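**Q** test case, fold it:
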Amino acid sequence: MKKLIFTIFIALTFGYSGFGQTQFGGGISFVSSSNSAIGVGVKTAFDVTESLRAAPSFHYYFEEGTFFSIDADVQFKLATIGDNTLIFPFAGLNFAKTEGLDAELGINLGVHANFPVSDFLNVYLEPKFVLLSDLDGFAIAAGIFF
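**A** Here you go, the predicted structure:
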């Protein structure tokens with residue numbers, strides 16, 4: 001199952017790489033809900049229009065049993081702070097699965113901040129609320145984009 005989900009994520013990522021600027025990366029994440037956990041994730045973001053971009057991601061959390069989430073977010077370019085720091089509020093869908101519960105479909109609401117470090121490296125920070133029937137909570141991810 002994990003291989004299938006990873007394969008689908010990679011296929012979607014490379015399938016959409018023809019849209020404008022595309023970034024790939026990964027990092028760490030923390031979710032605070034009925035099952036608080038720390039995990040790792042992979043993420044991509046690609047421009048759909050000048051002010052909108054799609055940002056799918058996959059997160060695997062380390063806790064007893066299996067816990068993963070797949071996110072499909074749409075980010076809106078709201079503001080540029082300083083020279084290049086970009087702020088993107090976003091909304092999207094969240095699919096989460098834990099070993100003890102059925103799969104849950106929910107909604108993400110949050111803000112993505114992108115801080116350039118060099119021409120080819122950006123650091124991101126992404127706090128969000130995950131609104132799910134059994135897994136409501138707050139999540140935060142941080143990582144790097146290439």
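
**Q** mind listing what P116 touches?
**A** When contacts are counted by C-beta atoms under 8 Å, 6 or more residues apart in numbering, P116 is found next to 84-85, 122. In this view, the C-beta of every residue, glycine as well, is placed from N, C-alpha and C.

**Q** who wins for neighbours among those residues?
**A** The member of these that has the most neighbours, counting by other C-beta atoms under 10 Å, is N122 with 21 neighbours.

**Q** give the bridge partners for the residue lying closest to that one once chain neighbours are set aside, please.
**A** Computed as C-beta to C-beta, 6 or more residues apart in numbering, the closest residue to N122 that is not its neighbour in sequence is F145, at 4.2 Å. Legend: beta-bridge partners of F145 under DSSP bridges are G25, N122.

**Q** do the same with L93
**A** The residues paired with L93 through beta bridges, assigned by DSSP bridges, are A72, I107.

**Q** that one contacts I107, doesn't it?
**A** Yes. L93 is in contact with I107 according to C-beta atoms under 8 Å; the separation is 6.6 Å.

**Q** buried ones in the helix or strand in which G27 is found, by neighbour count?
**A** Counting by DSSP states H and E, the secondary-structure element that holds G27 is strand 22-32. Of the residues in strand 22-32, those with enough neighbours to count as buried (16 or more other C-beta atoms under 10 Å) are 22-23, 25-27, 29-31.

**Q** endpoints of stretch 128-146, how far apart?
**A** Distance across stretch 128-146, first residue to last, is 22 Å (C-alpha to C-alpha, to the nearest Å).

**Q** and L135, what pLDDT?
**A** Reading off the confidence values, L135 has pLDDT 73.

**Q** which SS class is it?
**A** Local secondary structure at L135 is given as coil here, using DSSP: H, G, I helix; E, B strand; the rest coil.
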